[in-house]
Structure formats: structure tokens, C-alpha cells
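*Asks:* dropping the sequence and predicted coords here.
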Amino acid sequence: MQATSPIEGVMLVKSGGKAALPDWQALFARLCPTIEVRDWYDTTVDPDSVTYVLVWEPHPDRLATYPNLRVIFSSAAGVDHLTRDPDLPRHVPIVRMGAGEAAQTMGEYVCLSALALLRDYRRIVTAQATAKWDTFEAPRTALQTRVGILGMGNLGRRAAAMLQALGFTVAGWARTPREEPGVAVAAGMDALPGFLAGTDILVGLLPDTPETAGLLDAERIACLPKGAGIVNAGRGSLIVMDDLIAALDSGHLSGAILDVFDTEPLPPEHPAWRHPRIGITCHIAGFASRPARAEYVATAMAAHAEGREMPNLFRPERGY
């Protein structure tokens with residue numbers, strides 16, 4: 001990458017609402033004082049002055065109106081909210097959020113969910129709600145439980161290490177071959193059925209791409225052992241929801257914990273809300289604080305200005 005100009009101009013921010021703007025301004029004033037931080041909705045900003053944006057779900061067509069835009073920063077790990085814009089300026093690099101705190105909080109969520117499935121926390125919650133003294137034993141411990149992680153990027157690697165610390169046996173699956181210390185990683189679609197067959201708790205951390213959409217359908221869910229559980233904290237498009245519910249109703253799956261959905265917020269009438277074997281959280285699995293995200297963005301801007309490769313750069317040919 002060739003060196004560009006110094007870090008200057010205006011950064012527009014659409015993350016956390018207008019109430020968050022003073023925080024962003026204070027953080028970047030310390031980390032990168034040569035950039036001016038303005039609100040996404042500020043109509044007084046000259047489009048020619050905009051050099052960076054930090055956004056989540058920006059309005060379609062808007063990014064194309066900034067002729068001097070240098071980098072687009074997604075305020076979260078996903079970029080599908082950007083790439084679905086038909087007028088997205090394809091020549092402008094996109095950086096996915098990769099602050100270390102996001103991997104930590106995702107790992108915490110995955111461990112929480114795996115333990116909840118292992119110890120049948122839905123049953124515990126139901127007992128409290130009905131004031132029923134329900135004593136039972138879990139069928140196995142973490143030491144006898146195999147967790148398979150779909151997606152072995154930064155989030156998957158951290159989750160794997162944290163699960164191993166709890167005693168789970170952990171394996172991974174990725175689209176292409178890779179080596180991860182202490183974790184056996186299956187690669188490619190041909191290896192997926194065998195990987196699923198050796199998984200008691202399946203964790204979805206894959207990005208949203210044409211190859212991953214609907215990956216967990218009835219055929220692949222059937223590859224999981226009877227009584228397996230599913231955690232999905234990557235993208236809602238991974239799972240065919242009707243097939244998941246059918247597998248839960250038949251008893252093939254014992255439970256599922258879902259943080260992401262095709263439609264968000266999940267409509268109140270959706271059957272998943274009331275299913276006795278589904279736990280729902282509202283897209284809260286992996287997050288990073290504003291200070292951590294601001295530091296990550298400032299570091300990436302410095303790399304870009306110095307001609308170095310930026311971290312977590314979106315690769316269109318991969319889809320993530």
C-alpha cells in the first residue's frame with residue numbers, strides 16, 4: 001500500500017447515536033487530534049471535507065457522496081450493512097472492527113451459552129418463573145463435551161481458548177485450511193459433515209457471505225449427534241430457522257441459544273421467542289467499548305497514512 005496524505009479532514013460518526021458524539025470527539029481529540037469528528041446527521045459538513053467514516057448501517061447512497069473518502073470503518077465486525085449498498089464506493093477500503101475487547105466479550109458469551117446448554121439453564125429459569133423446586137443432574141460435564149466452532153478468525157480463536165480453559169474439547173471449521181495451536185481445524189465443505197458429527201455444541205461465528213447463508217439447514221443439522229445444542233453469535237443468515245425449530249421439536253437438538261437473526265429486532269410474533277428450547281439474546285454477544293474502538297480506528301488510520309496494511313481489511317473476493 002502506498003503512503004497517503006497525513007491524517008486530516010473530517011470523520012463522520014454514526015455509532016451510538018447523537019448522545020455518543022461527545023465521547024467520540026473526546027477520544028479522537030486525544031488519540032488523533034488532527035482529525036475533526038462530526039455527527040453523521042450534521043448537515044453543515046462539507047462533503048468534500050469528509051475523509052473517514054465510522055458507521056453502522058449508514059443510509060444507502062450516502063457514502064458515494066464523499067469524493068475524498070479514504071477509509072470506511074465499520075463500528076462492528078460485520079460489513080454486510082455496508083456492502084449491500086449498491087452505490088458503495090468500491091475503491092475505498094473497508095476496515096472491520098477488530099478491537100481486542102470484542103474477542104474477549106464474544107468469548108465470554110460463547111462460554112456462557114455453552115455452559116447454559118450443558119447445564120440446561122432454560123429449565124432452571126423456567127423452574128424459578130413457576131416457583132417449582134426442580135432438582136436434576138446434567139448428563140455430562142464440560143470434560144465429556146465436544147464444542148465445534150464454525151469460523152476460526154479472531155473471535156473463534158479467543159472463544160476456543162476460553163472454552164478449553166473450562167475443560168471443553170474444542171475443534172474448529174474454516175472454509176480454507178489453517179493451523180491453530182491446540183485446536184484441530186477441519187477445512188472446506190467436504191469436511192463439514194464429519195466435523196458436525198463430532199460436535200455436541202456447535203458455535204456459529206461465521207460472517208454473512210453467499211457461501212454461509214443457510215449453511216445450517218435440515219441436512220446439515222441432521223449431521224449433529226442427537227441431543228446436540230447450537231449457539232449462533234455470528235450472523236442470523238447462517239441458520240434456516242424453520243429447520244432449526246423442527247430439529248428442536250423432534251428432539252434431535254436439545255437446545256439453541258441465538259443472538260443474531262435475519263430480521264432484527266426479531267418480530268414479537270416470531271415463534272422463537274416462545275420456544276421452550278430456545279434462549280434469545282438481542283445481538284449483545286461481542287462488543288467493544290468506545291475507547292477500545294477509537295484506539296483501534298486511530299491505529300488503523302495511522303497505518304493507512306504510513307502506507308502499511310490496515311488490520312481486518314475487508315476482502316471482496318472472500319466476502320469478509
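*Replies:* Cool, got the structure. Remember, it's a predicted structure, so these values are computed and weren't measured experimentally.
*Asks:* got the contact list for the closest residue to residue 222 other than its chain neighbours?
*Replies:* Excluding the flanking residues, the one nearest residue 222 by CB to CB, 6 or more residues apart in numbering is residue 252, at 6.9 Å. Any C-beta I mention is one placed from the backbone N, CA and C, and that applies to glycine too. Listed by CB atoms under 8 Å, 6 or more residues apart in numbering, the contact partners of residue 252 are 221, 222, 224, 226, 227, 228.
*Asks:* and the fourth one, how many neighbours does it have?
*Replies:* The one in question is residue 226. Using other CB atoms under 10 Å, residue 226 has 11 neighbouring residues.
*Asks:* right, and the helix or strand after the worst-scoring helix or strand of the chain on mean pLDDT?
*Replies:* Within the chain, judged by mean pLDDT, DSSP states H and E, the helix or strand with the poorest mean is helix 80-83; its value is a mean of 92. Helices and strands here follow DSSP states H and E; after helix 80-83, the next one along the chain is strand 94-95.
*Asks:* model confidence over that next one, on average?
*Replies:* Taken as a whole, strand 94-95 carries a mean pLDDT of 98.
*Asks:* show residues contacting that strand.
*Replies:* 71-74, 79, 82-83, 297, 300, 310-314.
*Asks:* can you name the next helix or strand after that strand?
*Replies:* Note on strand 94-95: by DSSP H and E, the next helix or strand toward the C-terminus is helix 100-118.
*Asks:* which parts of that next one are buried?
*Replies:* If you call a residue buried by 16 or more other CB atoms under 10 Å, then helix 100-118 has these buried ones: 101-107, 109-111, 113-118.
*Asks:* for that helix, packing partners?
*Replies:* Using 3 or more CB pairs under 8 Å, 6 or more residues apart in numbering; DSSP states H and E, the elements in contact with helix 100-118 are helix 154-165, strand 201-204, strand 228-232, strand 253-258, helix 290-305.
*Asks:* for the longest one, name the packing helices and strands.
*Replies:* Packing partners of helix 290-305 (3+ CB pairs under 8 Å, 6+ apart): helix 21-31, strand 50-55, strand 71-74, helix 100-118.
*Asks:* next, the angle from that helix to helix 100-118.
*Replies:* Relative orientation of helix 290-305 and helix 100-118, computed by axes from the mean of the first three to the mean of the last three CA atoms, to 10 degrees: 130 degrees.
*Asks:* let me see the mean pLDDT of helix 290-305.
*Replies:* 96.
*Asks:* just the residues contacting that helix, thanks.
*Replies:* With contacts defined as CB under 8 Å, 6+ apart, helix 290-305 is touched by 1, 3-7, 15-16, 20, 23-24, 27-28, 31-32, 35, 52, 54, 70-71, 73, 75, 93, 95, 97-102, 288, 309-311.
*Asks:* quick check: angle from it to helix 21-31?
*Replies:* Relative orientation of helix 290-305 versus helix 21-31 (the same axes, to 10 degrees): 50 degrees.
*Asks:* with adjacent residues omitted, what lies nearest to the residue located most distally from the centre of the chain?
*Replies:* Of all residues in the chain, residue 133 has its C-alpha farthest from the mean position, at 36.9 Å, by CA atoms, centre = their mean. The shortest distance from residue 133 to any non-neighbouring residue, by CB to CB, 6+ apart, is to residue 127 (7.3 Å).
*Asks:* I'd guessed that neighbour sits against residue 135; true?
*Replies:* No. The pair residue 127 / residue 135 is not scored as a contact, 9.2 Å apart, by CB atoms under 8 Å.
*Asks:* what's around residue 130, how many residues?
*Replies:* Neighbour count for residue 130, taken as other CB under 10 Å: 8.
*Asks:* from residue 232, how far off is it?
*Replies:* In this view, residue 130 and residue 232 are 27 Å apart by CB to CB, to the nearest Å.
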